[in-house]
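*Asks:* What follows is a predicted protein model with its sequence.
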Amino acid sequence: MHDSNRGYRLAIIAALVALTITSLGVGAFFGALSAPHYGYQPASAANERAEGEQGHQSQIDRDRAGLPYFAERITSGPDPDDGSEREKRDLAAQESMSVWAFWLLIASIAGTAATIIGTALLVWTLHETRQTSRRQLRAYLSFGQLDISVNPSSGAKGGLKLTVETTVINGGSTPAYDCLHMGNIVAFTEQEARRYFSKTEIIPRIGVEAPYTVHNGRDAPAIFYANEDLRDNEVKDIESGAKHLYAFGSVVYRDTFDNERRTRFCFFLASPLLPKNPDPSGRTITRMLWGLAPFHNDAS
């Protein structure tokens, strides 16, 4: 926030300086063009004016288009000796003002460009400050420890029905709204897993959609069911190490700024699937060792 405030102040200072330069340049340019003493005069008119002023030396007008007295004294030279010298001075003054008007126009263009750049920097700084504030206040959902429930399959002899129980944790400063979690449990080789998770399709929602809210600093239970029971040969491949058991899922939610967010996870089982001493009832819930898969782990 400190860097953003410093950029904000610098942008304001740059904009004010550019506006000042632009105002002075444009004012000087148009003032020079409209000043009666620096405008174009025909030669005959200049001669008549010079002759008249030579006859009344004390009445020569030294007003330099509104200059202060001290500036007028600096810019005014000695009176011309004759009309020819006055005409040459007028011509030189007009040429000099043309040069100055050109450079003042260039300065005005540069000032306008600096104003545009300063305004753009100011808008960018305000945008970054707003985005930083939102990132600090928004909700961040993640998943907790995964527990797996193993039951004998009712449809496949020697197969297993798997359920993963976890929690959705809000580590942000504001609630997460309209939360929906989804996932699956599958047996893959590493090559099969890479091909499967390289697809861009959204994981189908498994189960009944029931949006819920997770308040900041709180968590909510989440359960993932295997889409299909593990077959007997898949269980043997997992036990032999030919395949890994992958548990993956995601949660979609809406933050307090009405932006849709998503968090995805994918773990592979790094410990035996079946315990050495299973529960006599047939249902076993254990905390197993999971490894982080190198894909399908991201958040928005």
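*Replies:* Noted; the coordinates are in hand.
*Asks:* what about the helices in the stretch 51-200 of the chain?
*Replies:* 69-75, 83-137, 190-197 (DSSP state H, counting those that start in this stretch).
*Asks:* Next, the buried residues of the biggest strand by length in the chain.
*Replies:* Using DSSP state E, we find that the single longest strand of the chain is strand 176-188. Neighbour-count burial for strand 176-188 flags A176, C179, L180, H181, M182, G183, N184, I185, V186, A187, F188 (criterion: 16 or more other Cβ atoms under 10 Å). Placement of C-beta: from N, CA and C, glycine included.
*Asks:* same check, this time on stretch 104-123
*Replies:* Result for stretch 104-123 [16+ other Cβ under 10 Å]: buried residues L104, A107, S108, G111, T112, A114, T115, G118, L121, L122.
*Asks:* for stretch 152-160, same thing?
*Replies:* Residues of stretch 152-160 classed as buried: S153, A156, G159, L160 (neighbour count, 16+ other Cβ under 10 Å).
*Asks:* Check stretch 247-264 too.
*Replies:* 247-256, 261, 263-264.
*Asks:* Among those residues, which lie within strands?
*Replies:* A247, F248, G249, S250, V251, V252, Y253, R254, R261, T263, R264.
*Asks:* could those residues go into JSON lines alongside distance to L146?
*Replies:* JSON lines is the format used below for these (distance: Cβ to Cβ, whole Å):
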{"residue": "A247", "distance to L146": "6"}
{"residue": "F248", "distance to L146": "10"}
{"residue": "G249", "distance to L146": "10"}
{"residue": "S250", "distance to L146": "14"}
{"residue": "V251", "distance to L146": "14"}
{"residue": "V252", "distance to L146": "19"}
{"residue": "Y253", "distance to L146": "19"}
{"residue": "R254", "distance to L146": "25"}
{"residue": "R261", "distance to L146": "21"}
{"residue": "T263", "distance to L146": "14"}
{"residue": "R264", "distance to L146": "14"}
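*Asks:* Now the two most distant members of those.
*Replies:* Greatest spacing in these, by Cβ to Cβ: A247 and R254 (25.1 Å).
*Asks:* The longest strand of the chain packs against which elements?
*Replies:* If you count contacts as 3 or more Cβ pairs under 8 Å, 6 or more residues apart in numbering; DSSP states H and E, strand 176-188 packs onto strand 160-170, strand 212-214, strand 219-225, helix 232-240, strand 244-254.
*Asks:* Tell me where the model's unsure across the stretch 151-300 of the chain.
*Replies:* Residues of the stretch 151-300 of the chain that meet the criterion pLDDT under 70 lie in 200-209, 274-287.
*Asks:* cutoff 90 now
*Replies:* 151-164, 182-186, 189-211, 223-242, 249, 269-298, 300 (pLDDT under 90).
*Asks:* re the thing from before, right, and the helices and strands packed on strand 176-188 - which one's nearest D90?
*Replies:* Taking Cβ to Cβ, strand 244-254 is the member of these nearest to D90, at 75.2 Å.
*Asks:* Mind giving me the packing neighbours of the closest one?
*Replies:* strand 141-143, strand 160-170, strand 176-188, helix 190-197, strand 219-225, strand 260-269.
*Asks:* wait, which of the ones you listed is closest to S96?
*Replies:* Closest among these, using Cβ to Cβ: strand 260-269, at 65.7 Å.
*Asks:* Quick one: residues in contact with the closest one.
*Replies:* Here strand 260-269 makes contact (Cβ atoms under 8 Å, 6 or more residues apart in numbering) with 138-143, 146, 148, 176, 193, 197, 238, 244-255, 288-293, 295-300.
*Asks:* By neighbour count, sort out the buried ones in these.
*Replies:* Buried members of those, counted by 16+ other Cβ under 10 Å: 138-141, 143, 146, 148, 176, 193, 197, 238, 244-255, 288, 290, 293, 296.
*Asks:* contacting residues for F102?
*Replies:* With contacts defined as Cβ under 8 Å, 6+ apart, F102 has no neighbours.
*Asks:* For it, give its distance to D229.
*Replies:* The spacing between F102 and D229, counted by Cβ to Cβ, to the nearest Å, is 86 Å.
*Asks:* Closest one to L126 out of the ones in strands among the buried residues of stretch 247-264, please.
*Replies:* R261 (23.4 Å).
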